[in-house]
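# Next comes the sequence, and after it the predicted model I'd like to discuss.
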Amino acid sequence: MTRPAHLKTRFTELVGVDYPIVQTGMGWVSGARLTAATANAGGLGILASATMTYEELERSIAAVKSRTNRPFGVNMRADQADVMKRVDLLIEQGVALASFAAAPNKEVIGRLKAGGIKCMPTIAAKRHAQKVEEWGVDAVICQGAEGGGHTGSIATSVLLPQVCAAVKIPVLAAGGFSNGRGLAAALAYGAEGVAMGTRFLMSQESTVPEAVKGAYLKTDPNGTVVTTAVDGYPQRVIRTPFIDSLEKSSPLFRLLSALGHAVALRKQTGDGWVALIREALAMKREQELTWSQVALAPSAPMLTKFALVDGRVEAGILPTGQVAGTIEKLLTVEEIIDEVIRDARTQLAAAAALAAANPGELP
């Protein structure tokens, strides 16, 4: 079947992709295979690097480039001790864009822009979008409460039009998107495209164990819960017996577990204790966290790894958007993007026909 025609927006022009669809940088999920598949299909694939050592990031960027010559991005953490070294690697390798779950500081943004790398943080409030725009970012992902993993409390349908009206840079809509109707709605709200995580996690190219993908497919739209029991931040996950037990556990138990997760994370990323302490201090300072939140921070990445890499659903967490309950089959990345674009074009054409049938003066 012939692939759909390109769908241009300011975002596609900004990063040089065919379709205004971003595959988000999901920790432990968005590896070289998924990132390259998205890039080859015309979207923007984003490699997740926050849980990688610097050497693993080097190898992963090389692996993506060996699979595609299309633009792709890398998701980073601005509070990592070696963030500037990683920024320099992205510049050296000509990566198109750096994304961030939490806003980077002015120094990181300045280094990226000086090196020709676009910068796109995720925000969950209008004031945050305005703040990072002032700092010079090129675009933002606006994530509503329906999104998976760490998420805010404002629904996408309320947050998105506020953000689009408040900033001049391209806005990508996230939280509750998995199909063409969603893309058409996002464009109608004023966004320049959509960013999807769960939809790409539930793809054939995703390296998540098949049994775990099956758990996602079985999830009901009401089968998710937003919990702060993992690391002190609101996080949307699939409700499991483990999550129920975690929510009932004592703060002391969570803290002791987090210390064990910190040891495991140190081994996984290759960081020494000095680097981890520096990152903790940076998180405390730049993200204005409590010491309790800082102490619990290692829990989320390690509990995610237990489930999404090791397949230990009984001992880990399954971050997910509410859309997991609406996805019925595992398609290839190309099939996902093609289906979204074709359906969006159908919806946009119907809206245009409705407007033509009801002519009126534009404001």
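The structure has been received and is ready for your questions. No experiment lies behind these values; they were computed from the predicted model shown.
# can you give me the strands in this protein?
Assigned by DSSP state E, the strands in the chain fall at 21-23, 44-48, 72-76, 97-100, 118-123, 140-143, 149-150, 171-174, 194-196, 224-227, 235-238.
# Put together a markdown table for these, with distance to Arg111 and mean pLDDT on each row.
Every C-beta, even on glycine, is put in place using the N, C-alpha and C of the backbone. A markdown table is the format used below for the strands of the chain (distance: least, CB to CB, whole Å; pLDDT from 0 to 100):
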| stretch | distance to Arg111 | mean pLDDT |
| --- | --- | --- |
| strand 21-23 | 22 | 98 |
| strand 44-48 | 19 | 98 |
| strand 72-76 | 12 | 98 |
| strand 97-100 | 10 | 98 |
| strand 118-123 | 10 | 98 |
| strand 140-143 | 19 | 98 |
| strand 149-150 | 25 | 92 |
| strand 171-174 | 23 | 98 |
| strand 194-196 | 23 | 98 |
| strand 224-227 | 34 | 94 |
| strand 235-238 | 30 | 95 |
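# Out of those strands, which gets nearest to Asp338?
Closest to Asp338 of the strands of the chain is strand 21-23 (CB to CB; 10.4 Å).
# Which strands or helices does that closest one pack on?
helix 32-40, strand 44-48, strand 194-196, helix 333-357 (3 or more CB pairs under 8 Å, 6 or more residues apart in numbering; DSSP states H and E).
# Tell me which strands the second one pairs with, and in which orientation.
Strand 44-48 has the following strand partners under DSSP bridges: strand 21-23 (parallel), strand 72-76 (parallel).
# which stretch among those strands comes nearest Thr320?
Closest among the strands paired with strand 44-48, using CB to CB: strand 21-23, at 15.2 Å.
# Check what contacts that closest one and list those residues.
30, 34-35, 38, 42-46, 73, 141, 172, 183, 193-197, 200, 333, 337, 340-341 (CB atoms under 8 Å, 6 or more residues apart in numbering).
# Please apply the same query to stretch 182-189.
Under the contact criterion CB under 8 Å, 6+ apart, stretch 182-189 has outside partners 9, 20-21, 157, 160-161, 164, 173, 176-177, 193-194, 340-341, 343-344, 347-348, 351.
# tell me which helix or strand of the protein sits lowest on mean pLDDT?
Here the helix or strand of the chain ranked lowest by mean pLDDT, DSSP states H and E is helix 291-296, holding a mean of 50.
# low-confidence ranges in the stretch 251-363 of the chain?
Low-confidence segments of the stretch 251-363 of the chain, defined by pLDDT under 70, span residues 252-299, 362-363.
# about what we covered before: pull out the buried members of the contacts of strand 21-23.
With burial judged by 16 or more other CB atoms under 10 Å, the buried subset of the contacts of strand 21-23 is 30, 34-35, 38, 42-46, 73, 141, 172, 183, 193-197, 200, 333, 337, 340-341.
# Now do the helices in the stretch 151-300 of the chain.
With DSSP state H, counting those that start in this stretch as the criterion, the stretch 151-300 of the chain has helices at 156-166, 180-189, 198-201, 210-217, 241-248, 251-269, 273-286, 291-296, 299-308.
# Could you count how many residues lie near the closest residue to Cys164 other than its chain neighbours?
Closest residue in space to Cys164, ignoring its immediate chain neighbours: Gly190 at 3.3 Å, by CB to CB, 6 or more residues apart in numbering. Gly190 has 14 neighbours, counted by other CB atoms under 10 Å.
# for Gly190, what are its contacts?
Residues near Gly190 by CB under 8 Å, 6+ apart: 160-161, 164-165, 171.
# just Asn222 next, same as before
Applying CB under 8 Å, 6+ apart to Asn222 gives the contacts Gly325.
# Can you read off the pLDDT for it?
Predicted confidence (pLDDT) at Asn222: the value is 93.
# Okay, Met26 and Gly16: tell me how far apart.
Applying CB to CB, to the nearest Å, one obtains 22 Å for the distance of Met26 from Gly16.
# Sorry, slip of the keys, the one I care about is Gln130.
Here the criterion is CB to CB. By it, Gln130 lies 27 Å from Gly16.
# Show me the shaky parts of the stretch 101-250 of the chain.
Of all residues in the stretch 101-250 of the chain, none has pLDDT under 70.
# right, and Lys113 touches Lys106 too?
No: the criterion here is CB atoms under 8 Å, and Lys113 misses it with Lys106 at 10.3 Å.
# who touches both of these two?
Common contacts of Lys113 and Lys106 (CB under 8 Å, 6+ apart): Gly136.
# For the two, indicate the residue with more neighbours.
Remark: of Lys113 and Lys106, Lys113 carries more neighbours, 15 against 12, as counted by other CB under 10 Å.
# Leaving out the residues flanking it, which one is nearest to the more buried one?
Excluding the flanking residues, the one nearest Lys113 by CB to CB, 6+ apart is Gly136, at 6.0 Å.
# can you count the residues close to that neighbour?
Residues within reach of Gly136, counting by other CB under 10 Å, total 13.
# Repeat that for Glu13.
Glu13 - counted by other CB under 10 Å - has 12 other residues nearby.
# and what of Leu89?
A count of nearby residues for Leu89, using other CB under 10 Å, gives 17.
# wait, it sits on Leu57?
Yes: look at Leu89 against Leu57 with CB under 8 Å: they come within range, at 6.7 Å.
# which one among the contacts of Gly190 gets closest to Pro121?
Set against Pro121, the nearest of the contacts of Gly190 by CB to CB is Val171 (11.7 Å).
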